[in-house]
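Novice: just coords:
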DNA sequence: GACCTGCTGCGGCATG
């Protein structure tokens, strides 16, 4: 250890701690980060595959710097996307910091206000806080901001990759910027992240306008041996009796023994569950079925199998609508060592929190992205010498006369194979950094007014949209348009001295605690049984008394729905359908679509699929050739025509907008753009396509003039139309690629 | 036919 130059840079008391912990060497990232951090004059990103060691890589040298002042009178501000992570880190850091006589302050919604008051009396040591809690501080204690953060040595941002590309990430950038402006200097920023391929995106995110100056510490991770098997399944075509439209048609008492729906009879999920049951029992594993609804289905199938075979249950559900207690039970089952446990989960178990190593990751259906698949697989093969194991399950519907192109080409299986191949090639989707997130500009303007008790328009513009500011690039005239719209909405008003203040409506929003989060959430009902809260359900599908429901892996009968208290009371009963949860659609990257097409054009066997999956793939390849899709881009489907682009969703959506401009009703649909024929023939549609290829590129306003329903983010409703269109397009449309595709594939030149 | 995250100040009351 004494040979380590980084070790010698650390404070003596920290060296002593390292000895007493029995560490024999510093990890690669810790070794390389230390000299960059002890000087406290660089922005640094520490990127490594797992969380282990990253926090120490930042904190050991940062605390060394803090200890240079005796007694400690400076501050390290650690910002985390999860309360659970703050609680974890508090446990780890407090043990070390107690010996150093450095106070550690957790600060989030579950922390008592007395702790917060004590911190504010002497803001020194380490503050562990969420972005929302920082927002609340700026809003409610605006006059104290400069003094509270005056002696901040570092911002440490954990799980940096989880912030990039979202409203919350934009908010974080703005908060850091506003604090730096309040204290009148730059504060070194340290980002902790999963490896992100091209780290320039992350660097530009961490320090907008100065990305190239950010120092990168990318930890070389040992290559883990991968074992992959994808199994194919075919759902038989069955003629089902029509279902009653309303649950009220049923007499609740008369069908006690009848399953309330036929989802549980579906044979294929049962076969998949049987295979999972055989392969996963006896070890710790994660099963990802892609939706909360399917988590419920598979958990119930698997726990029922344990029950039927008189063996202890090993399968536990985990998703965001389950209560904290139920989720904690699942996490505890994974952590304890006595009994094996498998979690059936959504991406709640993808991030941060420590659940120990798992043997195998099962993926049912194609994952939402290659990046997410990679993150999921990173949970397996963490012990030295053990491989990471991926078990894929691909379920296709039987092909009938009415089957669409997606079934005929076996696109689910093709996508799963293509994504797995990209994973093996070490490619994954880059983070989306070009989003304007003007919704968050509205929030930050209202927050800035609260912080300062009013702000001049020019000052607000300089702070939020000026050079290197989070919304840099927005023109002054657009900012003026925004202000005008916000005063129409009564979110703001301008007094006679030119000061911007909250309007009647703005006042109400800012004074409610829900203001601090930058992201929107749907209204939810609590699901309650006699003894405890099971979780929450969004109001998309309201349950009625007498209905049966599958939740937390068990079946329930709805006793009462209390609208005033937003509560649904249930009791245990046999039979039940998984509830509906709201949700948009995942977005597929162009590179994935191209890999899918290459897969359909190939005649090579895929090494990591079983016989059935290879059969499905061959079926898809056969239909691809039969339909002549190697050369054709247009496919007549009767009512509509399919334009097969094999581009990403952002390109296909932009193509659909371009066609809309020329009078065609079109919508992106998987690898295609679906065009309604109306009264046109295929030749007529081809003629319009040629017009589109030869025409000038329209403005965004022209292209989205007829588009409705562009509001996606929390404050989008308050934006003027033009800015809403730009904000939407920045995230969802790739117009350049769309124009390039149309000109290359359809153009007459 | 997708997923996840977060949240204040204060009034009113009981208790020591």
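Specialist: Yep, that arrived. It should be emphasised that the depicted structure is a prediction, and the values quoted were computed from it without experimental measurement.
Novice: for chain A, what are the low-confidence residue spans?
Specialist: Along chain A, segments meeting pLDDT under 70 span A:1-3, A:50-52, A:220-222, A:238-266, A:352, A:531, A:540-542, A:582-585, A:748-749.
Novice: Please repeat the previous calculation with a cut-off of 50.
Specialist: A:241-264 (pLDDT under 50).
Novice: that's a strand at residue A:641, yeah?
Specialist: Yes. Checked against DSSP: H, G, I helix; E, B strand; the rest coil, residue A:641 lies within a strand.
Novice: Show me how the record splits chain A into domains.
Specialist: A:5-218, A:226-424, A:438-516, A:524-572, A:632-745 (automatic domain parsing).
Novice: what would those look like in TSV with mean neighbour count and distance to residue A:593?
Specialist: C-beta: built from backbone N, CA, C; applies to glycine. Below are the domains of chain A laid out as TSV (neighbours: other Cβ atoms under 10 Å; distance: least, Cβ to Cβ, whole Å):
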stretch	mean neighbour count	distance to residue A:593
domain A:5-218	19	19
domain A:226-424	18	8
domain A:438-516	18	29
domain A:524-572	17	29
domain A:632-745	18	5
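Novice: Could you point out which of those domains sits nearest residue A:431?
Specialist: Across those, residue A:431 has its closest neighbour in domain A:5-218 (4.2 Å, Cβ to Cβ).
Novice: Now the residue nearest the centre of chain A: closest residue in space that isn't a chain neighbour?
Specialist: What sits nearest the mean C-alpha location of chain A, by Cα atoms, centre = their mean, is residue A:162, with 7.0 Å. What sits nearest to residue A:162 in space, not counting adjacent residues and going by Cβ to Cβ, 6 or more residues apart in numbering, is residue A:81, at 4.9 Å.
Novice: just residue A:636 next, same as before
Specialist: residue A:682 is the one closest to residue A:636 (Cβ to Cβ, 6+ apart), at 5.2 Å.
Novice: how close does the residue of chain A most remote from its centre sit to residue A:728?
Specialist: Ranking residues of chain A by C-alpha distance from their mean position (Cα atoms, centre = their mean) puts residue A:496 at the top, at 44.2 Å. As for residue A:496, its distance to residue A:728 is 36 Å (criterion: Cβ to Cβ, to the nearest Å).
Novice: about what we covered before: what's near enough to touch the residue nearest to residue A:636?
Specialist: Shown in contact with residue A:682 (Cβ atoms under 8 Å, 6 or more residues apart in numbering): A:634, A:636, A:641.
Novice: try it again with 10 Å
Specialist: A:634-636, A:641, A:675 (Cβ atoms under 10 Å, 6 or more residues apart in numbering).
Novice: swap in residue A:329?
Specialist: Counting by Cβ under 10 Å, 6+ apart, residue A:329 has contacts A:316-318, A:322-323, A:552.
Novice: Rebuild the residues you listed as CSV, extending it with distance to residue A:715.
Specialist: Below are these laid out as CSV (distance: Cβ to Cβ, whole Å):
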residue, distance to residue A:715
A:316, 38
A:317, 34
A:318, 31
A:322, 29
A:323, 30
A:552, 34
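Novice: So which of those belong to strands?
Specialist: A:316-318 (DSSP state E).
Novice: Thought residue A:58 was touching residue A:153, still the case?
Specialist: No. Residue A:153 lies out of contact with residue A:58 (Cβ atoms under 10 Å); the separation is 11.7 Å.
Novice: joint contacts of these two?
Specialist: Residues within reach of residue A:153 and of residue A:58 at once, by Cβ under 10 Å, 6+ apart, are A:37, A:76.
Novice: Quick check: residue A:293 vs DNA strand B, distance?
Specialist: 6 Å (Cβ to the nearest atom of the strand, to the nearest Å).
Novice: no no, residue A:322
Specialist: For residue A:322 relative to DNA strand B (Cβ to the nearest atom of the strand), the value is 8 Å.
Novice: can you check residue A:597 too?
Specialist: From residue A:597 to DNA strand B the distance is 18 Å (Cβ to the nearest atom of the strand).
Novice: and if you look at residue A:635?
Specialist: Taking Cβ to the nearest atom of the strand, one finds residue A:635 at 17 Å from DNA strand B.
Novice: tell me which element that residue falls in.
Specialist: strand A:634-636 (DSSP states H and E).
Novice: Now find how far off-centre the helix or strand hosting the residue nearest to the centre of chain A is within its chain.
Specialist: Counting by DSSP H and E, the element that carries residue A:162 is helix A:160-163. Relative to the centre of its chain, helix A:160-163 is centred 9 Å away, using Cα atoms, centre = their mean, to the nearest Å.
Novice: and if you look at stretch A:73-85?
Specialist: 21 Å.
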